[in-house]
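# what shape does this take:
(2 chains)
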Amino acid sequence: MFKLHYWVSSCAIPGQLELKFYSTMFISHSVSTDHKDLIHDVAFDHYGKRMATCSSDQFIKVWEMDSENVIDGGWKLSATWKAHSGSVWKVTWAHPEFGQVLASCSFDRTAAVWEEIVSEPNIYAQTGQKHWAKRTTLVDSRTSVMDIKFAPKSMGLLLATCSADGIIRIYEAPDVMNLAQWTLQQEVPCKYQASCISWNPSYTRERRCVKKAFTKIPNSDKKEADERSEFDGSEENPMKFPFHVDKGDKYIVIPEVPMLAVGSDENSSTANSSRVVILHYSSYVRRWHKLDSVPSVADPVHDITFAPRLGRSYDILAVATKDIKLFTICQLIGTTGSSRFEVTPFATLEDHNSTVWRVSWNSVGNVLASSGDDGCVRIWRLNKQTSWKCVGTIKGDGRRLILPEVINGGMALAKH
Amino acid sequence: MPITDFHGNTMDLHSTLFRSLLEMSSVRLEVLWSPVHRDKFITWGTEIFLYETFEKFDEKPKFDDIELSENSGARLLATNSNYHYVKCVDIYPLKGSEILMAIGQANGKVSLTSFGPSSFDRLGVNGMDLIPKHARQCNVVSWCHNDPQLIATGLDRYRSDHCILVWDIRSRTGPTTTAELGLSDMAHSLSWLQDHHKTLVVGMNNKMIKMVDLRDPSKAANSSQTKAVYGVTAAPYSNCMLASYVESQVAIWDIRAFEKPVLSLQQSKPITKVLWCPTRNNLLGSLQRDSKSIHLHYIQQMEELDHSVVERSIKPGVSGQITSFSWHPNDENRLLAITLSGSLTDTYVSERITLNWAQSANIVWTHGQRTLQSVSCTDSIYDLLGDISSVMKRRASRGYGLQVELESNAELVDDEDLKLIWNWLGATRKLSDEGAINSIPKHPGIRSILGIDKTTPISLTMKSELAFVPFSGISCNASAKIYRSEIRDMALKLCNWSFIHNPAQLLKTVETLESAGEITKAAAVAVFGLQLKTAIDLLSVTEHNTVSMALSGYNNDKDSVWRQACTASRLKLQDPYLRAIFAFLTADSDNYNLVLEEEDMAVTDRIAFALSFLSDSKMIEYLIQLTDQLTADGNLAGLILTGMCATSLPLLQQYLDNTGDVQSVATIAMRTFPTPLLECNRSQYWISSYRELLDMWRMWNHRAQFDIQHNSRTSTRPEQQIYVTCNFCGKTLSTNQFSRNKGPFQRAKVSCCPHCRKPQPRCAICLVNMGTPSQSDAVNPNSGTKVNPFNNWYTWCQSCRHGGHSEHISQWFEGHQECPVTGCTCRCLSLDAASGASV
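Below is the predicted model:
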């Protein structure tokens, strides 16, 4: 795969270290989709084995990973259908425990839920033919529906949409077996036209596989139990309080509250408040509320993504605007027992030097991929607790990878 | 935009002035790609230049070539300076032909010309002039792409003459007009409609856009009153979209609803040009006066004539004001811009790249409009990106974290910290199993051994003996203060440093280290063991022989030259262990801070040093401070201090926050935490996160193995998932009950319900009642399998509830999609999404 290595540039910035980059030729796998117009979104299912693409040609295509297939990067087209009567902006997969379910949203002001079904047996087709059937059309929006996302599975079968008039809608399928029935749980109006939405994926209700952990502590381990309570908050009473209680003003490690972040690409200069809104779910009143402390982003936001948390002690939110902004979100409990969220700027990643279109996390949430108007895909990694570094830049045509020498250069040279 | 007509013949003062104005405006540089050549374009101002582009990648640029972009250059092929008042140019659009230009001039003449001799000479086309009856400025000239022998010209107003002339250049009688339109009107712009044969759209008289079908030119097929009459252009993709402009407004038209524009886009400055991108659906580029950027308008279209627009602007590389631009006819989103000063830039309008990172370690992004690019974990390049999840997946597939012996897990990782900690965990497990250390948690840390975390004052629990031990092997009578006690020895065992007080063992350790290549560490161990001679011998045969020389000069005189020299040059040593040796030997009265702060020294070595040479209070202070530091850094070696108890939670959390390595943290917790700690929320959060990850990787078997080990260490048993009851009496068929009733040795016959004696359902394949073995491979009763093997178990379709022996059923579905029961059309196999996706 590697063809040649050569030093691309070495530039000395006055007063700074000499920066060296070197680039390697490589060929990424290319898939020609046969879409008739621009592709707006690529979505993977839970396992990353299936892919859905949607485009301005109003079609959705579904692809299967077939690792024996060497052409098209192993992706094989399995279904294609005209889904909407306008550009299809986004497409999203539900967790496989709800079946093979997709949702899409479009410029035609609707969102739709699709399910892959096995067709009725007929004499022509011996093998079970699969096709995608429309289960419902969500028509509440009066403007273009800009983004749609399924909630983490532990919340049930929930969908969030946001539309160009700035209304966030949360739908629920009360009966997961019946995908035709969706109730509009809540509408949250926001100031500006919305462009993107993201659930916090870390919220999970199925965390404790050991249920009665606290009732069975033997007396002999009392000391251990005391030590433990220091970190767990033994006064925890889920009925009274939706969060953990911790001593002092510490943050809570374990995610407890469902969250939803919405970005806006409002461009007008008169709009002066933040283009990011975070909603959190209050289980007392069963409503979504806007978080008071929001990340302040004054430029149009094109994409927003929570990082998968997987054991980390805080959440990270990536915002794609004229650069990439990262925020940490953690929940603090004051000494009085009141809880609040603290949103802190984490990093600003500026290497694109242009509008950033999309951001996406790896499955653990410590490496970020972004795409920008400079025609490059950049990979960012958390380096030394707090600083983020660009560890790779891939040209959009997938023919060149540029690595900063300081981190990976020596390694890569040694390796190949 | 001309102000008045211009006649070349008579000129007064006023018109001279006007002419000079015109001259100025005619210098405005224009650029146009050839519609039929991939690599040719023309520019014109006062002269017309023909250029050819080339890729820098293919050929080296020559001296006089001009640079268009990072990757492309252009070289001048030809110049034409015969025409002075060029108003507009269009290039003959027939595929495969050479460049033939139609040049509309200020006096209304349209000249056809090519650069140099060409095939057009023979046809008599080259040098042909199309002259209107009355001279006035030609505003626009356009070849018909569908019928390339037609050329339409649009002229200024002239009383009693037509403003639009459509010429047929190939008619036998020389150039003739096939159609004349717009008597005493004025044409500002015109465009041929793409799919409508011989239909022209014309912007006229500052007040209307007219659509004329040439087959019936007498009346307008459609028209609309508007001031946006300039730059009328038809969209190449859609056959009903048009664009035009006036002042600072761009108007988008749909010919199916021609009464008014479907979109009016107000811009900040007056527009000078609008052009549809020929390679992209509904992308319009516009240029504003005195602007350094090109504005792009992405028109969104719905079937019911609903439109919206997304706007963007791009700055081609040059810094000057752009006077014109041209889209490449074939290359996706490529455009060429020219500035006031004549510099050219070739740019690609990058499409919005959408991207996604799949859980299966696969980054996919769009390149251009319709192509996807992907990099997956099977590519060697992927590892350079540092995605820990692919590393974890690889480790998981080798059974990392689940090895019976804790230290075997160390062999499955490359990371030194992880190796260290698994080996340490394995060693402490052995020590506590052997009873060498007695502590309730199986993996105590140094702190809990020393009792630092206990509430009782440390001075009560620990009293160390102080001994002055002389250095051996050298002449001088120096000695070092060494502290010993029972718990210190136990703690040293945890660091694997118990050899320090035993010269024989020490020598053995030094030899082991030496053969492992860790010479300097071996030397440091020897020095800390006060075997100076050993260290000197060791170093003398290596590249560190100068160090060995320096060492041999050791004396304990506080003010000796040796000491001063060593203190000074110590910092120049590269190796942390060599630095530590001199820091130790030159230390003033038990002040070993320089050794203890040597951060490149392994944590265990530093701890062991503190355990041997620091007084009780100093040692405690140091260990507490070290724990805090390692916890803050998330350094796993800190676990040696904390042990596997509650104090290790923040350390593991910090490590996890730093690295994302939830796998190691979850498995370490699962394997080594005492049960109450394992059941605390945070450990459970880590463990469930790791289980989620395993499920996501479809490594369900690994997850199940993880669960088995996990549940064996927790205080609760997992609940039974499935109860089988008899169809007839509704009582449970649980086999546990049989064995209880009938004794453990006699295997119950379970082909019928033990309560009501009704038979169990039959296997759909072999038609034998369930509970009997599947007969395809007769199980040898002496084979030693105790439980009835999986092959004999029930399995059934969740949808149609037909089933049988799992072996029979799986054999059946190897070749079938449908249920084996007659008359049942359930497609059991294809309902299993997981199996389908895994095929």
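# number of residues surrounding residue B:78?
14 (other CB atoms under 10 Å in any protein chain shown). No exception for glycine: its C-beta is placed from N, CA and C like everyone else's.
# so what's the residue of chain B found nearest chain A scoring on pLDDT?
Residue nearest to chain A within chain B: residue B:360 (2.9 Å; CB to the nearest CB). pLDDT for residue B:360: 83.
# now do the contacts for the residue lying closest to it once chain neighbours are set aside.
Spatially, and ignoring its direct neighbours in sequence, residue B:360 is nearest to residue A:48 (2.9 Å; CB to CB, 6 or more residues apart in numbering or on different chains). Contacts of residue A:48 were listed using CB atoms under 8 Å, 6 or more residues apart in numbering or on different chains, and they are A:65, B:358-362, B:696.
# picking up where we left off before, the residue of chain B closest to chain A sits in which helix or strand?
According to DSSP states H and E, residue B:360 maps onto no helix or strand at all.
# backbone dihedrals for it, please?
Torsion angles at residue B:360 (phi, psi; degrees, to the nearest 10) stand at phi -90, psi 30.
# tell me how far it lies from residue B:616.
Taking CB to CB, to the nearest Å as the measure, residue B:360 falls 55 Å from residue B:616.
# the two: who's more crowded?
The neighbour comparison of residue B:360 against residue B:616 (other CB under 10 Å) goes to residue B:360, with 22 against 18.
# surely that one touches residue A:74?
No: assessed by CB atoms under 8 Å, residue B:360 is found out of contact with residue A:74, at 10.5 Å.
# what's the overlap in contacts for those two?
A:65, B:376.
# OK, contacts around residue B:523?
By CB under 8 Å, 6+ apart, the neighbours of residue B:523 are B:535, B:538-539, B:544, B:577-578, B:581.
# tabulate those residues (JSON lines), appending distance to residue A:105.
Shown next, in JSON lines, are these (distance: CB to CB, whole Å):
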{"residue": "B:535", "distance to residue A:105": "72"}
{"residue": "B:538", "distance to residue A:105": "71"}
{"residue": "B:539", "distance to residue A:105": "71"}
{"residue": "B:544", "distance to residue A:105": "68"}
{"residue": "B:577", "distance to residue A:105": "62"}
{"residue": "B:578", "distance to residue A:105": "65"}
{"residue": "B:581", "distance to residue A:105": "68"}
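# those helices in the stretch 301-450 of chain B, which residues are they?
B:388-397, B:416-434, B:446-450 (DSSP state H, counting those that start in this stretch).
# highest mean neighbour count out of those?
helix B:446-450 (a mean of 23; mean count of other CB atoms under 10 Å in any protein chain shown).
# could you look up the SS state of the residue of chain A found nearest chain B?
Evaluated by CB to the nearest CB, chain A has residue A:48 as its residue closest to chain B, separated by 2.9 Å. What DSSP: H, G, I helix; E, B strand; the rest coil gives for residue A:48 is coil.
# that older thread, out of the contacts of residue A:48, which comes closest to residue B:452?
Proximity of the contacts of residue A:48 to residue B:452 was ranked by CB to CB; the top entry is residue B:696 with 40.7 Å.
# wait, the closest one touches residue A:47, no?
Yes: contact criterion CB under 8 Å: residue B:696 and residue A:47 qualify, at 6.4 Å.
# between these two, what contacts are shared?
With CB under 8 Å, 6+ apart as the test, residue B:696 and residue A:47 both reach residue B:359.
# what is the burial count for residue B:548?
The burial count for residue B:548: 17, using other CB under 10 Å.
# looking at the closest residue to residue A:29 other than its chain neighbours now. What's its pLDDT?
Of all residues not flanking residue A:29 in the chain, residue A:73 sits nearest, at 2.9 Å (CB to CB, 6+ apart). Note on residue A:73: pLDDT of 75.
# same check, this time on residue A:170
94.
# for the residue nearest the centre of chain A, name its beta-bridge partners.
Geometric centre of chain A, nearest residue: residue A:305, 4.0 Å, by CA atoms, centre = their mean. Beta-bridge partners for residue A:305, by DSSP bridges, are residue A:318.
# wait, what's in contact with it?
A:198, A:317-318, A:359-361 are the contacts of residue A:305 under CB under 8 Å, 6+ apart.
# same deal with residue B:640?
Per CB under 8 Å, 6+ apart, neighbours of residue B:640: B:421, B:424, B:445-446, B:494-495, B:603-604, B:607.
# CA atoms of the strand or helix carrying it as CSV?
According to DSSP H and E, residue B:640 maps onto helix B:639-642. This file holds the C-alpha atoms of helix B:639-642, laid out as CSV (Å, rounded to 0.1, in the frame of the first residue of the first chain):
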residue,chain,number,x,y,z
LEU,B,639,-1.1,0.4,41.3
ILE,B,640,1.9,-1.1,43.0
LEU,B,641,1.5,1.6,45.7
THR,B,642,-2.3,1.6,45.9
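# quick check: what element follows it along the chain?
Taking DSSP H and E, what comes next after helix B:639-642 is helix B:648-659.
# how near is the residue nearest to residue B:360 to residue A:30?
18 Å.
# with residue B:590 instead?
68 Å.
# repeat for residue A:93
Residue A:93 is 23 Å from residue A:30, by CB to CB.
# ok, those two, which is more surrounded?
Each of residue A:93 and residue A:30 has its neighbours counted (other CB under 10 Å); residue A:93 has more, 21 against 16.
# show me the shaky parts of the stretch 201-350 of chain A.
Scanning the stretch 201-350 of chain A for pLDDT under 70 picks out A:203-252, A:271, A:333-338.
# now do the strands in it.
With strands called from DSSP state E, counting those that start in this stretch, the stretch 201-350 of chain A shows them at A:251-252, A:259-264, A:276-282, A:287-290, A:303-306, A:315-320, A:324-333, A:339-349.
# export those strands to CSV and append columns for distance to residue A:53.
Shown next, in CSV, are these (distance: least, CB to CB, whole Å):
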stretch, distance to residue A:53
strand A:251-252, 39
strand A:259-264, 22
strand A:276-282, 27
strand A:287-290, 30
strand A:303-306, 17
strand A:315-320, 20
strand A:324-333, 24
strand A:339-349, 27
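# closest to residue B:672 out of those strands?
That would be strand A:251-252 among the strands of the stretch 201-350 of chain A, by CB to CB, at 25.0 Å.
# can you name the next helix or strand after the strand or helix carrying residue B:809?
Per DSSP H and E, residue B:809 falls inside helix B:806-815. Following helix B:806-815 in sequence order, the next helix or strand is helix B:828-831 (DSSP H and E).
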